[in-house]
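1. All I have is the shape, not the residue letters:
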């Protein structure tokens, strides 16, 4: 088989596999458009007979999605800000040197990455309640998320800094910059893309965070969309079209960002995650 | 006698790019052939086509008389030494050597014995248990060659194997490779961009450019009688001087046009008067004499001495490069007299570059 | 004083400041809770003593109580199955996909990235979607399985104790396969192409090349990926909350969900802490493997 024929065949197979893999997403989108009775049709329909666009408006209103999504946004942005401000400098230093201290630092950071949120939540909850932090529930969640996701950020951004040649920084120092100046004027701008990609990944994680939010935020008006979704789904729930509409509105912004920046995100991950 | 390797009318296309154009090449058993040329000339493509790592679009390729078109590499029974050596980093030297035998199902004990024998001939016996990352460049080279030797292949293919070594080691390994070839009575095809390697190692040199064979033959034949301007300029270091010239009225003399200097010399052929040609003279064939004496004067611009030779650049248009053995007394800024032996002048057609 | 300031601007001080704050923050937010967890597991904690630090010391009582409970061992067993099943599924499918895309036909890299949507979506949403897909009577998975003749009657993925854990495993495999695939692709492309050419000339078939070249050279990558897989799988919580909530009857309960449940549903914080400590030991082991598998280079 010639090379072009083989390439075309593989492309077709790849598209089919991607379609199969992404089927759950498709299912989410069309379930949101089905009417109540069509949802439960047997055999299930693979295309909505009469799309119910009003479901979206209904769910938005009745579940105060605007409020929930706003909370999710606040929490996510707060976490990203803290992580970026603290993490960039840290990963810069960890990328610049290679000695026993750096090894220890990296090891500690990697160790901290492994702890599941569902385990840490117990002492964090107890500790926060002792110092009264739970009176500011969203802030508490932001800080907890920052601690959880920072190691991942540091690992990714460290790889970005390692790709910036040391010679550039040395040239800047010889040209008269202080370390501070060299960092802000030369190194940081070159690492901007990698930092951006990592920040976006962290944002996506924080936007969907569940454990900390559910455990620490009791007031309904402060809860993010993830907790809202969870309360939607009781044990005997059957308003799946509403649930899927909720999920659609929750997830589509993230999907849109991802599809737009997909190449950058993949290359950021591939250079960072394994090193 | 059937040639060991035979290519007839071979063409290769990469999409629209015509990489190999109607190659005809016949290599007898036991010959050491060098494929030489500038980057992109197709020599590596040709080598890889011999190995089967590239498929040819057209023409026939035979190894030991058997047609190899469409035959996958592992069935061709040729061995290749890669530019990067391609040693398996996760295997010891011994495992690297026995790999091909193990893939063919040969028993471990027999393979081990074969590896030990080959290692003895290439001086690797004490390194059998080491890993490639623990070896020096020269040692890795030898492992790469031993890996090829152990298979007793129909042909050895070398893809610029010495380019990763430093200069001194290169000179040493050149001799080793050639000695190995002789000892094994092998058939070798050796790709290099370095014409000195080609000249010193090969029985038969093939000069390539832009996918065609410009000239092939014995090394000194290419040196003495280059078929065109390209081969003339490629073989020999420093490169041949090319001077525009006009044939004189009698058809038996040539006026060399060196800008400020014009010199008439006699030539052996009878040519059309007034014809424009390119005259080629090798730097080593320009003699430095006293002034006068059937010579012409040129101003000296640069003098470079390596101790064993002196390179003189004359400020003419075009520049003239002259090589003198030993330490000369010429100084920059001087004007010296040079002579040219008409028998050493090569004539090329001005437009096509082909030898007259 | 001036020495310190100039060091901050120009020397070691700069580095130390940049690292000290984040590490301090991390230590505070992750290290301390860790220690606190261990301490709490040795104490008796209830709703009222939540606010104080010094609580009655009960030694190993929490641990012994825990192992005396009937559900402990099954839950540990479930966790093991969950981890093994998830990692196996994610790795094998991910490796297959990575090998497929490694051929690198036009369009491969873009399509490959598309798979990552499963990894960036919030876990709860993924759980909700799969919850609906796995529905017993109306879920589309059952429909497809029946149409292709693989099963004859509906499987009640979420409510049947035999299948509930596997429901979550299926969703988790979908979630994590793409991440595995991307990392494995990186590992594959790190193998120099001329090794394969040399092997081919040496007589190796495609199958032999896979076993003697690809797999051995991927060893450290595979080690890192499996360790990472272990770490992430043990962190997986959202799917359980969305699909089965650990039920029915603890049949799909795993330690990380159970720990949270004990603390926040049953208000038995001491037990929650106790399980955490046990799990953290396992997780630490995995992370040691991960760190050792990834060797770092100095900045270039």
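-> Structure's in. What do you need? Keep in mind it's a predicted model, so treat the numbers as computed, not measured.
2. The closest residue to chain C within the stretch 151-300 of chain B: neighbour count?
-> Residue nearest to chain C within the stretch 151-300 of chain B: residue B:151 (7.4 Å; CB to the nearest CB). C-betas here are computed from N, CA, C, even on glycine. Applying other CB atoms under 10 Å in any protein chain shown, we find 21 residues neighbouring residue B:151.
3. likewise residue A:256?
-> Neighbour number of residue A:256 under other CB under 10 Å is 10.
4. Would you verify that it is located in a helix?
-> Yes: applying DSSP: H, G, I helix; E, B strand; the rest coil, one finds residue A:256 inside a helix.
5. picking that back up, just the pLDDT for the residue of the stretch 151-300 of chain B closest to chain C.
-> As predicted, residue B:151 sits at a pLDDT of 90.
6. In this structure it contacts residue B:81, no?
-> No: using CB atoms under 8 Å, residue B:151 is not in contact with residue B:81; the gap is 11.8 Å.
7. where's residue C:91 relative to residue C:206, distance?
-> Distance, residue C:91 to residue C:206, using CB to CB, to the nearest Å: 21 Å.
8. between the two, which one's more packed in?
-> residue C:91 (20 against 12).
9. mind listing what that one touches?
-> The contact partners of residue C:91, taken as CB atoms under 8 Å, 6 or more residues apart in numbering or on different chains, are C:180, C:225, C:226, C:229.
10. In contact with the third one, which residues?
-> When contacts are counted by CB under 8 Å, 6+ apart, residue C:226 is found next to C:87, C:91, C:289.
11. Can you report how many residues neighbour the last one?
-> This means residue C:289. Neighbour tally, residue C:289, other CB under 10 Å: 16.
12. For it, list the residues it contacts.
-> Shown in contact with residue C:289 (CB under 8 Å, 6+ apart): C:223, C:226, C:227, C:230.
13. Show the pLDDT at the first one.
-> Just to be clear, that refers to residue C:223. Residue C:223 carries a pLDDT value of 85.
14. Kindly report the same for residue C:300.
-> pLDDT, residue C:300: 29.
15. give the contact list for the residue nearest to residue B:170 when sequence neighbours are not counted.
-> Leaving aside its chain neighbours, residue B:170 sits nearest to residue B:162 (4.7 Å; criterion: CB to CB, 6 or more residues apart in numbering or on different chains). Residue B:162 makes contacts with B:141, B:169, B:170, B:173, B:174, B:192, B:194, B:197, as judged by CB under 8 Å, 6+ apart.
16. buried subset of those residues?
-> By neighbour count, with 16 or more other CB atoms under 10 Å in any protein chain shown, these hold B:141, B:170, B:173, B:174, B:192, B:194, B:197 as buried.
17. Secondary structure and pLDDT for the residues you listed - can I get that in TSV?
-> As requested, the buried ones among the contacts of residue B:162 are exported to TSV (DSSP: H, G, I helix; E, B strand; the rest coil; pLDDT from 0 to 100):
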residue	secondary structure	pLDDT
B:141	helix	91
B:170	helix	91
B:173	helix	90
B:174	helix	92
B:192	strand	93
B:194	coil	89
B:197	helix	92
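18. Closest one of those to residue C:200?
-> residue B:141 (20.9 Å; CB to CB).
19. give me the number of residues near residue C:100?
-> Residue C:100: 17 neighbours (other CB under 10 Å).
20. correct me, but it touches residue A:18?
-> No: using CB under 8 Å, residue C:100 makes no contact with residue A:18, being 11.2 Å away.
21. Regarding residue B:337, which helix or strand does it belong to?
-> strand B:335-340 (DSSP states H and E).
22. Who does that strand pair with, and is each partner parallel or antiparallel?
-> Taking DSSP bridges as the criterion, strand B:335-340 forms sheet pairs with strand B:286-289 (antiparallel), strand B:296-305 (antiparallel).
23. Need the contact partners of the shortest one.
-> Residues from elsewhere that reach strand B:286-289 (CB under 8 Å, 6+ apart): B:241, B:295, B:312, B:320, B:322-324, B:328, B:330, B:336-341.
24. for chain B, what are the nearby residues on chain A?
-> By CB under 8 Å from any CB of the partner chain, no residue of chain A approaches chain B.
25. What's the nearest residue in chain A when you look at chain C?
-> Of all residues in chain A, residue A:208 sits closest to chain C, at 2.4 Å by CB to the nearest CB.
26. On the pLDDT front, check that residue for me.
-> Reported pLDDT for residue A:208: 90.
27. Hmm, it is touching residue C:121, no?
-> Yes: in this structure residue A:208 lies within contact range of residue C:121 using CB under 8 Å: 6.9 Å.
28. Between those two, which contacts overlap?
-> Shared contacts of residue A:208 and residue C:121 (CB under 8 Å, 6+ apart): residue A:254.
29. Spatially, what comes nearest to residue B:20 if we skip its sequence neighbours?
-> Using CB to CB, 6+ apart, the nearest residue to residue B:20 is residue B:12, at 4.0 Å.
30. Am I right that the one you found sits in a helix?
-> No: inclusion of residue B:12 in a helix is not indicated when three-state DSSP is applied; the result is strand.
31. measure it to residue B:56 for me?
-> Separation of residue B:12 from residue B:56 (CB to CB) stands at 5 Å.
32. Give the intersection of the neighbour lists for these two.
-> B:20, B:49.
33. tell me the contacts of the nearest residue to residue B:52 once chain neighbours are set aside?
-> Spatial nearest neighbour of residue B:52, excluding adjacent residues (CB to CB, 6+ apart): residue B:73 at 3.7 Å. Shown in contact with residue B:73 (CB under 8 Å, 6+ apart): B:51, B:52, B:53, C:197, C:200, C:201.
34. any idea how far residue C:67 is from residue B:73?
-> Using CB to CB, residue B:73 is found at 61 Å from residue C:67.
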